[in-house]
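*Asks:* below are the sequence and a predicted model; questions follow.
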Amino acid sequence: MSTLQRLDQFALAPGQRGRSALTVQLWWLVQGSLFRWSPQVAYGFRRWLLRRFGARVGKKVLIRPSATVTYPWKVDIGDYAWIGDDAVIYSLGPVHIGAHAVVSQRSYLCAADHDAAQPDFPLRERAVRIEDGAWVATDVFVGPGVTVGREAVVGARSSVFRSLPPAMVCHGNPCRPVRPRVAPPA
């Protein structure tokens with residue numbers, strides 16, 4: 001038997017999900033049916049569903065039907081943001097996606113982890129922020145407690161474990177700034 005990790009001792013802290021177990025199950029049912037089965041162009045309907053469950057969703061947000069949001073009441077999405085196919089917003093902690101930001105297909109925003117130093121493996125909520133105008137490209141992992149700076153670009157398949165500065169193109173595993181993101185010539 002493991003002495004470093006005792007999962008029989010794990011317990012969610014009271015209220016950690018942010019809503020009752022019934023609300024959580026209802027959201028998962030709605031997300032697995034109405035949200036996921038909605039026509040590709042039904043962006044307004046999906047915004048409406050998220051808002052009904054407590055998400056703060058700006059105007060003209062485009063969120064694809066295959067995207068997953070664990071707990072919408074912990075999510076804030078700014079105007080004109082895009083959330084791609086099969087993107088996962090694992091919102092055990094707060095997740096902020098700024099205006100005009102893009103979270104591309106198959107990317108994973110992870111707003112929690114476990115304390116591996118404790119045998120009961122407690123869950124730790126740590127906010128994720130994708131600031132205004134940032135682009136998280138295809139298949140990127142953004143870890144707990146990370147901020148992707150305003151207008152930064154995170155290259156495809158990067159793993160982001162530390163916050164990234166604004167207006168930089170970043171990539172790699174671990175993800176690092178590579179060069180400035182420059183405006184197109186006038």
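*Replies:* All right, it came through fine. Source: prediction; values computed, not measured.
*Asks:* what's the local residue count around residue 113?
*Replies:* 15 (other CB atoms under 10 Å). C-beta here means a position set from N, CA and C on the backbone, and glycine is covered the same way.
*Asks:* give the contact list for the residue lying closest to it once chain neighbours are set aside.
*Replies:* Computed as CB to CB, 6 or more residues apart in numbering, the closest residue to residue 113 that is not its neighbour in sequence is residue 144, at 4.7 Å. By CB atoms under 8 Å, 6 or more residues apart in numbering, residue 144 lies in contact with 93, 110-113, 124-126, 128.
*Asks:* one more pass at 10 Å, please.
*Replies:* 90, 92-93, 109-114, 124-128, 161 (CB atoms under 10 Å, 6 or more residues apart in numbering).
*Asks:* next one: residue 101
*Replies:* So residue 101 contacts 61, 77-83, 129-136, 148, 150-152 (CB under 10 Å, 6+ apart).
*Asks:* from these, keep the buried residues only.
*Replies:* 61, 77-78, 80-83, 129-136, 148, 150-152 (16 or more other CB atoms under 10 Å).
*Asks:* if we can go back for a sec, narrow the contacts of residue 144 to those in strands?
*Replies:* Assigned to strands by DSSP state E, the following of the contacts of residue 144 qualify: 90, 109-110, 112-114, 124-125, 128.
*Asks:* remind me which residues of this structure are low pLDDT?
*Replies:* 1-2 (pLDDT under 70).
*Asks:* and the helices in it?
*Replies:* 21-30, 36-37, 43-52 (DSSP state H).
*Asks:* which residues touch the shortest one?
*Replies:* The list of residues contacting helix 36-37 from outside it, by CB under 10 Å, 6+ apart, reads 30, 46, 64-68.
*Asks:* stretch 30-42: end-to-end distance?
*Replies:* Counting by CA to CA, to the nearest Å, you get 15 Å between the two ends of stretch 30-42.
*Asks:* let me fix that: stretch 164-177
*Replies:* Where stretch 164-177 begins and where it ends lie 7 Å apart, using CA to CA.
*Asks:* any of the ones in strands among the contacts of residue 144 buried? List them.
*Replies:* The buried subset of these (16+ other CB under 10 Å) comprises 90, 109-110, 112, 125, 128.
*Asks:* can I get these in a markdown table with distance to residue 173?
*Replies:* A markdown table is the format used below for those (distance: CB to CB, whole Å):
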| residue | distance to residue 173 |
| --- | --- |
| 90 | 19 |
| 109 | 17 |
| 110 | 15 |
| 112 | 21 |
| 125 | 24 |
| 128 | 18 |
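*Asks:* of those, which is the nearest to residue 57?
*Replies:* Among those, residue 109 lies closest to residue 57 (CB to CB), at 15.2 Å.
*Asks:* can you pull the contacts of the closest one?
*Replies:* Per CB under 10 Å, 6+ apart, neighbours of residue 109: 69-70, 75, 83, 87-91, 95-97, 103, 128-130, 136, 140-144, 146, 148, 160.
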